[in-house]
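Trainee: give me a 3D structure for the following:
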Amino acid sequence: MITVKPSLTMNLLVLLAMRLREFTLQVENLSLREIPGRLAAHLLHLSREQGDRDVVALNLSKARLANLLGTGPESPSRALGTLKRKGLVEEDGPRLRLLDRDRLEALAEMGKDAG
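Mentor: Got it, this is the predicted structure:
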């Protein structure tokens with residue numbers, strides 16, 4: 001006999017809905033944003049995961065970052081250079097300081113230069 005547990009079923013549905021939302025955001029990110037916008041979105045995500053700090057640790061290889069951003073291996077370095085030139089981030093080894101969160105958020109949302 002199969003026992004139905006409503007709480008287990010609801011938890012499973014919540015988990016699946018969260019994963020679907022993450023997948024949808026990833027597809028949107030890859031299809032609608034330019035690479036600097038993708039990187040800005042990822043840095044903001046890392047900031048939220050690390051306690052909404054303005055300094056985030058990039059604890060992954062450039063190849064893994066490129067994979068997350070859906071680009072080739074050289075693109076994250078170029079995108080990071082773009083963000084640095086625009087005064088949005090400052091690099092300190094494996095850490096990045098988010099200098100202008102508002103413009104990073106605008107870049108992440110719009111996928112194009114925010115000024």
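
Trainee: only C-alpha atoms for contact and neighbour calcs from this point on.
Mentor: OK.

Trainee: what ranges do the strands span in the protein?
Mentor: With DSSP state E, the ranges of strands along the chain come out as 55-57, 89-92, 95-98.

Trainee: closest to Val4 out of the ones you listed?
Mentor: Smallest distance to Val4 across the strands of the chain (CA to CA): 43.7 Å, for strand 55-57.

Trainee: about what we covered before: identify whichever of the strands of the chain lies nearest to Ala41.
Mentor: strand 95-98 (11.8 Å).

Trainee: go ahead and name everything in contact with that closest one.
Mentor: Residues outside strand 95-98 that contact it (CA atoms under 8 Å, 6 or more residues apart in numbering) are Asp54, Val55, Val56, Ala57, Leu58, Leu88, Val89, Glu90, Glu91.

Trainee: quick one: least confident helix or strand in the chain?
Mentor: When the helices and strands of the chain are scored by mean pLDDT, DSSP states H and E, helix 6-32 comes last with a mean of 81.

Trainee: quick one: that helix to chain centroid distance?
Mentor: Using CA atoms, centre = their mean, to the nearest Å, the mean C-alpha position of helix 6-32 is found 16 Å from that of the whole chain.

Trainee: spatially central residue for the chain, please.
Mentor: When CA atoms, centre = their mean is applied to the chain, the residue found nearest the centroid is His42 (1.8 Å).

Trainee: any chance of the contacts of strand 95-98 in a markdown table, plus neighbour count?
Mentor: Converted to a markdown table, the contacts of strand 95-98 look like this (neighbours: other CA atoms under 10 Å):
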| residue | neighbour count |
| --- | --- |
| Asp54 | 18 |
| Val55 | 20 |
| Val56 | 22 |
| Ala57 | 16 |
| Leu58 | 14 |
| Leu88 | 19 |
| Val89 | 23 |
| Glu90 | 17 |
| Glu91 | 14 |
